[in-house]
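Engineer: sequence first, then the predicted structure, then my questions.
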Amino acid sequence: MSRGPLDPSRIVVGKPLPFSVYTADGKLLLAAGRVVETDRLRDLILRSGQRTEYASGNGGADAEEAERARAARENTEREEQAAAVAARATPLERLQKDYTTSTEGRHLSISMAKSDADKAIPVQLMGVHSRSIIVTAPVNPDGSLVPILPGQSWLCRTFQMTSVFRFTAVAMKAAFEPFPHAYLKLTKDVEHRRVRGAPRAKVLLQAELSAPNTMPCFVIDLSTSGARLVIDSGLALPKGAPAQLKATLDVLGRQYEMTLDGTVVNAFGPSDSRHPECAFYGLKFGSPSEREGLILHGYVGDHLVSEFHVLWQMLQMAARLEG
């Protein structure tokens, strides 16, 4: 242990002390490694501190080591707190956090395959220009990129609004900056089939379900005729069971409290491998009132318009040209 007089030049605001500072009667004023956070604290040290003390002959190195140890300790404490919070979170809370931060579903989804016999690979639509589209590069299950060569034909499928589209696109080029993506050009071969009477939007809407016991749930897609929702997998719902859904919908800045009667028509179970403790169900609404139908339509439309409008128009026009 080495001691010495106070050196003001080594007491710097915003930096850790390279030594411990003591008062004249031997009381510790500030330990080595503690950060001098303000000018006021520095002035206090200079007024009250009478001597310094190093743990060894290299005070600066000791201070740096102490600061590293303190930072590592604080980082460990933060990680332990985060793990404790995650452990306390319910399955639905974990799903909400995951779905909120995930980019999945924020872009239109298209599947690509080299032929009907090949496995389709999902990609995300990033842009549209005339009859050309930009998509994220297809990725194999092992994370490697699927090669895309200029002139290759790809069989593409997508579900938009109320219709399924099947079309052939020719690869123009692939690029890797700022992210791996590909440019495709539509051919004249576009098939269009209407499969749903009302459009359905991807949402993440907190709600309450009674069937007959009341339980929290999230609606993950919604239409004027039904919804797909997720609950804790420990709360099973039998197919055909009557249910009541309560939720608050925001339409044009106004809040609408909705209570919708329906029937459980599909039980998908834990269909998201990332969340095995969550079960997914399909709910068909009974007969919403005219007001309820208009509110649902407005809410769904708000979620669809910015995402679907461009691709919908392009594919509809191509399908009409073929017809």
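Structural biologist: The structure has been received and is ready for your questions. Residues are numbered from 1 along each chain as shown.
Engineer: can you give me the domain assignment for this protein?
Structural biologist: Here the domain assignment for the chain is 2-84, 109-194, 201-302, based on automatic domain parsing.
Engineer: where among the ones you listed is average confidence lowest?
Structural biologist: Here the lowest mean pLDDT among the domains of the chain goes to domain 2-84, at a mean of 72.
Engineer: out of the domains of the chain, the one nearest residue 95 is which?
Structural biologist: Nearest to residue 95, of all the domains of the chain, is domain 201-302, at 4.8 Å by C-beta to C-beta. For glycine as for every other residue, the C-beta is placed from the backbone atoms N, C-alpha and C.
Engineer: tell me what the top strand by length along the chain is packed against?
Structural biologist: Criterion DSSP state E: the longest strand present in the chain is strand 254-269. The contact analysis (3 or more C-beta pairs under 8 Å, 6 or more residues apart in numbering; DSSP states H and E) places strand 254-269 against strand 226-232, strand 242-251, strand 278-285, helix 290-322.
Engineer: dump the ones you listed into JSON lines; add distance to residue 141 and mean neighbour count as well.
Structural biologist: Converted to JSON lines, these look like this (distance: least, C-beta to C-beta, whole Å; neighbours: other C-beta atoms under 10 Å):
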{"stretch": "strand 226-232", "distance to residue 141": "25", "mean neighbour count": "22"}
{"stretch": "strand 242-251", "distance to residue 141": "36", "mean neighbour count": "17"}
{"stretch": "strand 278-285", "distance to residue 141": "22", "mean neighbour count": "21"}
{"stretch": "helix 290-322", "distance to residue 141": "26", "mean neighbour count": "15"}
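Engineer: mind checking which of the ones you listed is nearest residue 120?
Structural biologist: So among the helices and strands packed on strand 254-269, helix 290-322 is nearest, using C-beta to C-beta, at 17.4 Å.
Engineer: ok, back up a step: next, format the domains of the chain as TSV and append distance to residue 96.
Structural biologist: Output for the domains of the chain, formatted as TSV (distance: least, C-beta to C-beta, whole Å):
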stretch	distance to residue 96
domain 2-84	16
domain 109-194	21
domain 201-302	6
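Engineer: for residue 97, find the nearest of those domains.
Structural biologist: Short answer: domain 201-302, nearest of the domains of the chain by C-beta to C-beta, at 10.5 Å.
Engineer: which residues of the stretch 51-200 of the chain fall in strands?
Structural biologist: Along the stretch 51-200 of the chain, counting by DSSP state E, counting those that start in this stretch, strands occupy 51-54, 109-113, 121-129, 132-136, 153-160, 163-175, 181-194.
Engineer: can I get these in a markdown table including distance to residue 229 and mean neighbour count?
Structural biologist: Formatted as a markdown table, the entries for those read as follows, by distance: least, C-beta to C-beta, whole Å; neighbours: other C-beta under 10 Å:
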| stretch | distance to residue 229 | mean neighbour count |
| --- | --- | --- |
| strand 51-54 | 64 | 19 |
| strand 109-113 | 20 | 19 |
| strand 121-129 | 23 | 16 |
| strand 132-136 | 28 | 19 |
| strand 153-160 | 19 | 19 |
| strand 163-175 | 23 | 17 |
| strand 181-194 | 25 | 16 |
